[in-house]
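In: structure of the sequence below:
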Amino acid sequence: MSSIFSFETMWKIWLKYSSFYWDGVKNTLLVSFFAVLMGVCLGLLVAGGRMWKPLTTDGDLKKAIKGIVRFLCTTYVEVLRATPLMVQVMIIYFGASAAGLKFSDTNFTILFWGLISVSLNSGAYLSEVIRSGIGAVEGGQLEAARAIGLTQGQAMRYVILPQAVRNILPALANEFVTMIKETSVLNMIGLHEIMFRAGDVRAATYRSLECYVIAAILYFIIVFPLSKLVAAFERRMSKSVTR
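Out: Residues are numbered from 1 along each chain as shown. The predicted structure follows:
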């Protein structure tokens, strides 16, 4: 009778199937990076939409448009933050498939819709991070920028956002670390990330525990140093702010 867990067996599995795991690590890091990058772009738009307040000089139509934009952006953020990422991935992937939105390459279809799913989720969270970072900038900065003739958009682009970046950067780094772990749900739709590759090895070796322990070790090797770097970065940023 074979043992429940064996370090010797785990080592043999790693020696034979390490290429599978490295392929999963590569895909995990790529998807995480582009998900956060797309999430930042989307988060900027959504944060801007939620903060787009009608001015006293606006006409009724413009006020109505701004109100609709704010409502849509708020709904997007609240819905995606209140539902599990796995559910979002399933709805988007299988919804796209049901609508016939597929590519000739199945793997690319999985990658595309998987990336869209996690990017939308990341964008919802990052929009709040960006909104908080902008809100932390001294309120008088916007009025001062408007007083010298800048439009609201110009004031945001040239005055507010550059100052808000200092507040946002540590949270962006944390989001990347979090996304590395959250991309594990994409194995449910067949994306070849770490957990999917661990499942491939399990199917080939009939050893479940060892295969998933290897996956856990890889996640730890990636995430733990990054977490420490982010913490050091946050301490450095906080010191520079207090000077």
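
In: host element of the residue positioned nearest the centre of the chain?
Out: When C-alpha atoms, centre = their mean is applied to the chain, the residue found nearest the centroid is Ser122 (3.4 Å). Taking DSSP states H and E as the definition, Ser122 sits inside helix 106-135.

In: sorry, back to before: show me what contacts the residue nearest to the centre of the chain?
Out: 35-36, 38-39, 42-43, 175, 179 (C-beta atoms under 8 Å, 6 or more residues apart in numbering). Glycine gets a C-beta too; all of them are placed from N, C-alpha and C.

In: buried residues of the helix holding Ser122, list them for me.
Out: 109-131, 133-134 (16 or more other C-beta atoms under 10 Å).

In: what do you get for stretch 82-92?
Out: Going by 16+ other C-beta under 10 Å, stretch 82-92 has these buried residues: 85, 88-89, 92.

In: could you do stretch 162-170 as well?
Out: 164, 167-168, 170.

In: ok, now stretch 170-178?
Out: 170-178.

In: what does stretch 131-150 give?
Out: So, applying 16+ other C-beta under 10 Å, buried residues of stretch 131-150: 131, 133-134, 137, 142, 145, 150.

In: tell me the angle the longest helix anywhere in the chain makes with helix 106-135.
Out: Counting by DSSP state H, the longest helix found in the chain is helix 7-50. Between the axis of helix 7-50 and that of helix 106-135 there is an angle of 50 degrees, by axes from the mean of the first three to the mean of the last three C-alpha atoms, to 10 degrees.

In: which neighbouring elements make contact with helix 7-50?
Out: helix 60-81, helix 106-135, helix 161-182, helix 194-205, helix 208-242 (3 or more C-beta pairs under 8 Å, 6 or more residues apart in numbering; DSSP states H and E).

In: and the angle from that helix to helix 161-182?
Out: 150 degrees.

In: isn't Ala198 right next to Tyr21, touching?
Out: Yes. Using C-beta atoms under 8 Å, Ala198 makes contact with Tyr21 at a distance of 7.3 Å.

In: anything in contact with each of those two?
Out: With C-beta under 8 Å, 6+ apart, Ala198 and Tyr21 have common neighbours 214-215.

In: comparing the two, which shows the higher neighbour count?
Out: Ala198 (26 against 21; other C-beta atoms under 10 Å).

In: just put the buried residues of stretch 170-178 in TSV and tack on distance to Met156 and pLDDT.
Out: Converted to TSV, the buried residues of stretch 170-178 look like this (distance: C-beta to C-beta, whole Å; pLDDT from 0 to 100):
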residue	distance to Met156	pLDDT
Pro170	21	84
Ala171	19	86
Leu172	18	88
Ala173	23	88
Asn174	24	90
Glu175	21	92
Phe176	25	93
Val177	28	93
Thr178	27	93
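
In: which of those lies closest to Val213?
Out: Nearest to Val213 out of the buried residues of stretch 170-178 is Val177 (C-beta to C-beta; 21.0 Å).
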